[in-house]
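Asker: Need the 3D shape of this:
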Amino acid sequence: MSSKKKWGESFLKSGAPLEYLAFAKMESLGFETYQNVEYERKITDGKSKVFSIDIQADKQLKNGINLELLIECKYHDPSKLWMFIPFPYDYMRAGWCCDRHILNNGPIEFLRHPNKRNFINLGQRASWNIVVSKDGVRQENQIYEGISQLVYALFPLATFRLFHWNWMTLTYPLRGSILPILVTNEELFLLKSNINDLNIIREANKPEEIANTIPWLFCKVNQNFTTIDYNYSVLQKLLSYDKDIIIDFDKNIKIVRKIEKIELDCMETYINRPQWVIIVNINALDQMVHLIEDYISSLKLISKREMPKFKGKKIIEGKSN
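Answerer: Next up, the predicted model:
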């Protein structure tokens, strides 16, 4: 390999070009886009540490839903590939295949039919993943690493983007959906469903013999006690507001109100979220975003007339309104 190619590959391995390309694509799709979005997380010794997600993209859809995309980017050199195992179709009857479990709605559930299972059918589904080199050597699993980063970021960022913002209103709740997305330059391979003999895999000369190349997919997140405990701690921090919530707009205006039960019910669903992460090749990012935008924009919502109006008061220069 020439020194020029080594320099270029070194630059690509930094991840910066992939992040830039993903950022630019989201901007071109009309999203308000931010880089290196930080959140605080407790680590093993009980102390807090600041982590970040590569990109946060935000867009108001035509039906009023505020769509938030949390994007983590993972670059791999061309000698590696990402392999996925199909999600068993019979499990599609399970509750966590519902639209509401993929969209991560808040600050309350606002879908007219939240238990429909249509969103999951937009793409292929996978349950296990592994990174291998094209010469057959197993590699460090950057898919797992990327998914873990998104899992830990979802609830803290939802806390700010959905719940904290909603506390500042005395009218109708906001309507937001947050989707975690892992973007890569790697080809995505999904094992063919008709593979029923391990020797077929062992004797394959190339991945295309046993797997189909796909542009993007839904990957099931296998929640464990560590992530559930972590999300529970985020919830407890939210619930520390056991008295009046006081939001300062400026020196003269404050909003004072309590957390409503309907908000608490929604917060509690985040203890085992996310259930799914979207994984997409950078070349298919535009196509995938258009597809999910169109679907989410078509969803029927509970009307504002049917939604609860939060109770509280606005204080202006010490006088209640």
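
Asker: where along the stretch 151-300 of the chain do the helices fall?
Answerer: Assigned helices in the stretch 151-300 of the chain, in chain order: 165-167, 198-202, 225-239, 261-269, 285-297 (criterion: DSSP state H, counting those that start in this stretch).

Asker: got CSV for those, with mean pLDDT and mean neighbour count too?
Answerer: In short, each C-beta sits where N, CA and C put it, glycine included. Shown next, in CSV, are the helices of the stretch 151-300 of the chain (pLDDT from 0 to 100; neighbours: other CB atoms under 10 Å):
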stretch, mean pLDDT, mean neighbour count
helix 165-167, 68, 19
helix 198-202, 91, 10
helix 225-239, 84, 15
helix 261-269, 86, 16
helix 285-297, 96, 16
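
Asker: Which one of those lies nearest to residue 117?
Answerer: Residue 117 sits nearest to helix 285-297 of all the helices of the stretch 151-300 of the chain, at 12.4 Å, using CB to CB.

Asker: circling back to that earlier point, and residue 138, which of the helices of the stretch 151-300 of the chain is closest to it?
Answerer: helix 198-202 (13.2 Å).

Asker: Including distance to residue 144, could the helices of the stretch 151-300 of the chain go into CSV?
Answerer: Below are these laid out as CSV (distance: least, CB to CB, whole Å):
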stretch, distance to residue 144
helix 165-167, 31
helix 198-202, 21
helix 225-239, 12
helix 261-269, 24
helix 285-297, 21
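
Asker: Looking at the ones you listed, which is nearest to residue 24?
Answerer: helix 285-297 (10.3 Å).

Asker: hang on, the earlier thing: which stretch among the helices of the stretch 151-300 of the chain comes nearest residue 6?
Answerer: The minimum distance between residue 6 and the helices of the stretch 151-300 of the chain falls on helix 285-297, with 27.6 Å, by CB to CB.

Asker: now that closest one, how far from the chain's geometric center?
Answerer: 14 Å (CA atoms, centre = their mean, to the nearest Å).

Asker: quick one, helices of the stretch 1-150 of the chain?
Answerer: Under DSSP H, counting those that start in this stretch, the stretch 1-150 of the chain gives helices at 3-13, 16-28, 99-103, 142-158.

Asker: For stretch 77-86, buried residues please.
Answerer: 80-84, 86 (16 or more other CB atoms under 10 Å).

Asker: Which residue in those residues has the weakest pLDDT?
Answerer: Within these, the minimum per-residue pLDDT falls on residue 80 (83).

Asker: show me the residues around that one that make contact.
Answerer: Residue 80 makes contacts with 131-134, 139, 186, as judged by CB atoms under 8 Å, 6 or more residues apart in numbering.

Asker: Turn the residues you listed into CSV, columns for neighbour count and pLDDT.
Answerer: Shown next, in CSV, are the contacts of residue 80 (neighbours: other CB atoms under 10 Å; pLDDT from 0 to 100):
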residue, neighbour count, pLDDT
131, 20, 87
132, 16, 84
133, 13, 80
134, 11, 72
139, 14, 76
186, 20, 89
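
Asker: which residues touch the longest strand along the chain?
Answerer: Longest strand in the chain, counting residues (DSSP state E): strand 48-60. With contact meaning CB under 8 Å, 6+ apart, strand 48-60 is reached by 15, 19, 22-23, 26, 29-43, 66-73, 149-150, 152-153, 157, 293.

Asker: what do you get if the cut-off is 7 Å, keeping everything else the same?
Answerer: 19, 22-23, 26, 30-43, 66-73, 149, 152-153 (CB atoms under 7 Å, 6 or more residues apart in numbering).

Asker: Quick check: ChimeraX command selecting the buried ones in those.
Answerer: Those of those that count as buried under 16+ other CB under 10 Å are selected in ChimeraX with:
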select :19,22,23,26,31,33,37,39,41,66,67,68,69,70,71,72,73,149,152,153
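
Asker: Can you tell me which of the contacts of strand 48-60 end up in strands?
Answerer: 32-42, 66-73.

Asker: Identify the residue nearest the geometric centre of the protein.
Answerer: Residue closest to the mean C-alpha point of the chain, counted by CA atoms, centre = their mean, is residue 180 at 1.4 Å.
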